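Undergrad: I'll drop the sequence and a predicted model, then ask my questions.
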2 protein chains.
Amino acid sequence: MRNVAVIGVGQSKFARRPDASIREIAFEAFKEAVEDAQITREEIQASLVCSATHYDKQRTPAGIIAEYLGLNPQPTFNVEAVCASSGVGVRIGWSFINSGLHDIVAVVGFQKMTELSSAEVQEVMGRSGDVMWESPFGTTMPAYFALYAQSHMQKHGTTQEQMAKVAVKNHFYATKNPKAMFQEEITIEDVLKSRIIASPLKRYDCCANSDGAACLILASEDVAAKIADKPVWVAGLGLASSPMTLTGRDTSYDSFDCTVEAAKQAYRMAGVGPDDVDLAEVHDCFTITEILNYEDLGFCERGQGGKLVEEEQTYLGGKIPVNIDGGLLAKGHPVGATGASQIRTLVKQLRGEAGATQVEEAKVGLAHNLGGIGMYCAVTILKT
Amino acid sequence: MRNVAVIGVGQSKFARRPDASIREIAFEAFKEAVEDAQITREEIQASLVCSATHYDKQRTPAGIIAEYLGLNPQPTFNVEAVCASSGVGVRIGWSFINSGLHDIVAVVGFQKMTELSSAEVQEVMGRSGDVMWESPFGTTMPAYFALYAQSHMQKHGTTQEQMAKVAVKNHFYATKNPKAMFQEEITIEDVLKSRIIASPLKRYDCCANSDGAACLILASEDVAAKIADKPVWVAGLGLASSPMTLTGRDTSYDSFDCTVEAAKQAYRMAGVGPDDVDLAEVHDCFTITEILNYEDLGFCERGQGGKLVEEEQTYLGGKIPVNIDGGLLAKGHPVGATGASQIRTLVKQLRGEAGATQVEEAKVGLAHNLGGIGMYCAVTILKT
């Protein structure tokens, strides 16, 4: 067993970024990560470029990004699992290092979503569902998750106010994260009064289309021992899939099977359980998703997710702080960047460098990265 | 070091396939590979779905393909390096098994290119060049490779007849491969008289848009020892990149740097050199590419590639048989399937199951899979 550490992290500002091309956004995150790792780009032996497709004109972006970052002739390619792309990238990077193929690997996640109109983005997102039997009938991304929300409300009594509380929490913490897209607190009232997108999901229940990049430098134990002051270890990895079609799922639509399975794998590999996790970054593409994630990851019993946030148990100081960097809802969700950004937040926390939002004596962090309509899920557990 | 074997191979017919969706084409290859490996689909622990993007409407196809193949809840995601996608898939599969994450992994490469018109395909292909500084100026895929052809002709005296000979050879061998798209022999005259696509490349110098899939089942040494009669070992892996932009390349355009680098890595890992290779599958997206590949892989001196094929040294019985399954030019080039199809051919040869085209006592095979405009290259060396 060759241990793998995260030795450098970086992130661009998440925002609407008409000022920067995909290569420039990727560079912002990459430069910060390389400096953080105290290495030079020449030491990087492979780059994994993680993004979803169809948001901009450039096909196969690894080619142009590796060139712009100065990473030729080292191996590079694209990793894609829609919103879980860079979560998957970490798994591949880990295995490249663990198997001895490489000693230092860069995971570069990015997305530029705002070159398209909102309507175009909805159409593109719909096509990450089954284009033969589902998306032609209007199942856009909010519609898919609205079904889960309706089911959870009906089955477990989850309320719109509880969902709104997720948005309130995440917007609150985003004000403490200068890299976050949104910088203003909102109230439950604001959420409830915002316009309906797909009932019961309203504007503030949904994450926004955004641009941004995040980068992680992974390294072998030997390298980390030499150059990292505070290496953070990749202790657990889980990856699982669910049927892409809703009709193919054996579920009552109040849970994501792939999250449950990926979490099981990651907990087992890391030798920890939900109670050992000091903080978590979970995939809150919609408010309801964060509530389902609490339950699927074992932070509370099934059906108790709404109550968990209502009681502020996922705030800093609560039972398990979740998304205290703003999450997808308020930090932004440039699809391919999200998994890497989650891990960046955890690494900063586990190093004790999180400033105003520092979780005291954080030793174990969990990142949960869901892809598409819940058909891919990557869970990564980090330890000091 | 945990060795990794290919224990099963499968391929659909390569052709225009209006009769089948991407999931159905993938299934054809997958079913054959699973049966060849003598396993059940339940034994597969992860699937890597390899394809280029934008040729059909389905985004993130791993989701729907894993579901259709019955592979949930196992990990799955998309691997993309344009034409080298499944060559890269083999590297990831190898590292997943070598690192102990999994024991049996399926690499599924596919593409359905003929849902688009020829003009649309050209536009899509152009966007695997730099969309900011190159492709808007008309650099389609044939145009890029025509530049290399012009340079090689000027620098080394390579002739159009020598290039034509590559097409003649590959069409000849395609007639012996029932899975190949084209089934008729052609002459040098036919090639020279075919219509100009991008001078000096004519119709028969170019591979055709095609549909198809190929699948490999990789397994750990322990598994292979139990169930495989004739395991074929992944002995060498190389992966390298070159700048995506032509203007970013420090070259006289008569060689692909990434091929030279990837080959060096693979030869070193396998402990063999070019003279030890009994047969090779190389990326003949255009006739000129096969000639460059001969030289870049060390099968002859720089500038001697044209002569090598002219003298029929890359025919069966020659110094080094190359693409004796028809190659991309005549077997077809459904982009994401090509790397896996190359390895399928080598595995059949190394098992002694290649029938009319069997290379006697074949023990070492090399697969060379080039991505896009030569910005990615995967080289895989297999041994009995």
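TA: Received the coordinates, thanks. Since the model is a prediction, treat every value here as computed from it, not as a measurement.

Undergrad: Tell me which residues touch the closest residue to residue A:21 other than its chain neighbours, please.
TA: In this structure, residue A:21 finds its nearest non-sequential neighbour in residue B:132, 6.5 Å apart by CB to CB, 6 or more residues apart in numbering or on different chains. Yep, even glycine has a C-beta here, placed from its N, CA and C like the rest. Residue B:132 sits next to A:21, A:58, A:64 when contact means CB atoms under 8 Å, 6 or more residues apart in numbering or on different chains.

Undergrad: Residue B:132: helix or strand, and which one exactly?
TA: Assigned by DSSP states H and E, residue B:132 falls within no helix or strand.

Undergrad: what's the burial count for residue A:273?
TA: Residue A:273 is flanked by 12 other residues according to other CB atoms under 10 Å in any protein chain shown.

Undergrad: How about the one 4 residues further on?
TA: Burial measure for residue A:277: 22 neighbouring residues, criterion other CB under 10 Å.

Undergrad: Quick check, it in contact with residue A:364.
TA: Yes - under the criterion of CB atoms under 8 Å, residue A:277 makes contact with residue A:364 at 5.3 Å.

Undergrad: Common neighbours of the two, please.
TA: Counting by CB under 8 Å, 6+ apart, the residues touching both residue A:277 and residue A:364 are residue A:381.

Undergrad: Enumerate every residue touching the residue nearest to residue A:127 when sequence neighbours are not counted.
TA: Nearest residue to residue A:127, sequence neighbours excluded (CB to CB, 6+ apart): residue B:59, at 4.5 Å. Shown in contact with residue B:59 (CB under 8 Å, 6+ apart): A:52, A:53, A:54, A:82, A:124, A:127, A:128, A:131, B:53.

Undergrad: The first one is in contact with residue A:333, isn't it?
TA: No - with contacts defined as CB under 8 Å, residue A:52 does not count as touching residue A:333, sitting 10.7 Å away.

Undergrad: what residues do these two have in common as contacts?
TA: By CB under 8 Å, 6+ apart, residue A:52 and residue A:333 have these common neighbours: residue A:83.

Undergrad: which residues in the stretch 101-250 of chain A form strands?
TA: Using DSSP state E, counting those that start in this stretch, the strands of the stretch 101-250 of chain A run over A:104-112, A:196-198, A:201-202, A:211-220, A:232-241.

Undergrad: And the second one, what's buried?
TA: It stands for strand A:196-198. Within strand A:196-198, the residues that count as buried by 16 or more other CB atoms under 10 Å in any protein chain shown are A:197, A:198.

Undergrad: helices or strands up against it?
TA: Packing partners of strand A:196-198 (3 or more CB pairs under 8 Å, 6 or more residues apart in numbering or on different chains; DSSP states H and E): helix A:141-156.

Undergrad: Ok, the third one next?
TA: Contact analysis of strand A:201-202 by 3+ CB pairs under 8 Å, 6+ apart lists helix A:141-156 as its packing neighbours.

Undergrad: Doesn't residue A:312 lie inside a helix?
TA: No - Residue A:312 sits outside any helix when classified using DSSP: H, G, I helix; E, B strand; the rest coil, being coil.

Undergrad: for residue A:106, which residues make a bridge with it?
TA: Here residue A:106 sits in beta bridges with residue A:47, residue A:217, as judged by DSSP bridges.

Undergrad: mind listing what it touches?
TA: Contacts of residue A:106 (CB under 8 Å, 6+ apart): A:30, A:33-34, A:44, A:46-48, A:69, A:71, A:215-218.

Undergrad: same check, this time on residue A:116
TA: Contact analysis of residue A:116 by CB under 8 Å, 6+ apart lists A:55, A:56, A:124, A:209.

Undergrad: Please report how far the last one lies from residue B:310.
TA: So the one you mean is residue A:209. Plainly put, residue A:209 is 56 Å away from residue B:310 if you go by CB to CB, to the nearest Å.

Undergrad: One more: the first one?
TA: Taking CB to CB as the measure, residue A:55 falls 47 Å from residue B:310.

Undergrad: What is the neighbour count of the residue of the stretch 251-384 of chain A found nearest chain B?
TA: The nearest approach of the stretch 251-384 of chain A to chain B comes at residue A:375, 4.2 Å away (CB to the nearest CB). If you count neighbours by other CB under 10 Å, residue A:375 ends up with 32.

Undergrad: is it true that it touches residue A:243?
TA: Yes - contact criterion CB under 8 Å: residue A:375 and residue A:243 qualify, at 6.8 Å.

Undergrad: what's the overlap in contacts for those two?
TA: In contact with both residue A:375 and residue A:243: residue B:67, using CB under 8 Å, 6+ apart.

Undergrad: Residue A:119 - how many residues pack around it?
TA: Counted with other CB under 10 Å, the neighbours of residue A:119 add up to 8.

Undergrad: Out of the helices and strands in chain A, which is least certain?
TA: Here the helix or strand of chain A ranked lowest by mean pLDDT, DSSP states H and E is helix A:118-126, holding a mean of 90.

Undergrad: Quickly find the element holding the spatially closest residue to residue A:68 that is not a sequence neighbour.
TA: Nearest residue to residue A:68, sequence neighbours excluded (CB to CB, 6+ apart): residue A:23, at 3.9 Å. Assigning secondary structure by DSSP H and E places residue A:23 in helix A:22-37.

Undergrad: mind listing what's buried in that helix?
TA: Across helix A:22-37, burial judged by 16+ other CB under 10 Å covers A:22-23, A:25-30, A:32-34, A:36-37.

Undergrad: go on, stretch A:271-278?
TA: Using 16+ other CB under 10 Å as the test for burial, stretch A:271-278 gives A:272, A:277, A:278.

Undergrad: again with stretch A:64-82
TA: Neighbour-count burial for stretch A:64-82 flags A:64-69, A:71-82 (criterion: 16+ other CB under 10 Å).

Undergrad: how about the residues of the stretch 251-384 of chain A near chain B?
TA: For the stretch 251-384 of chain A, the residues found near chain B under the criterion CB under 8 Å from any CB of the partner chain are A:257, A:258, A:261, A:371, A:372, A:375, A:376.

Undergrad: If we use 10 Å, what do you get?
TA: Those residues of the stretch 251-384 of chain A that sit near chain B, judged by CB under 10 Å from any CB of the partner chain, are A:257-258, A:260-262, A:265, A:269, A:371-378.

Undergrad: re the thing from before, quick one, grab the pLDDT at the residue nearest to residue A:68.
TA: Listed pLDDT for residue A:23 reads 98.

Undergrad: next one: the one 4 residues further on
TA: According to the predicted model, the pLDDT of residue A:27 comes to 98.

Undergrad: again, but for residue A:278
TA: Note on residue A:278: pLDDT of 98.

Undergrad: from memory it sits against residue A:320, does it?
TA: Yes - counting by CB atoms under 10 Å, residue A:320 is a contact partner of residue A:278 at 7.9 Å.

Undergrad: Identify the contacts common to these two.
TA: A:359, A:366 (CB atoms under 10 Å, 6 or more residues apart in numbering or on different chains).

Undergrad: Kindly state the domain boundaries assigned to chain A.
TA: As given by automatic domain parsing, the domain ranges for chain A are A:4-116+A:210-232, A:138-208+A:236-383.

Undergrad: Buried deepest among these, which one?
TA: Highest mean neighbour count among the domains of chain A (mean count of other CB atoms under 10 Å in any protein chain shown): domain A:4-116+A:210-232, with a mean of 24.

Undergrad: mind checking the end-to-end distance for that domain?
TA: End-to-end distance for domain A:4-116+A:210-232, by CA to CA, to the nearest Å: 9 Å.

Undergrad: likewise stretch A:329-341?
TA: This stretch, stretch A:329-341, spans 13 Å end to end (CA to CA).
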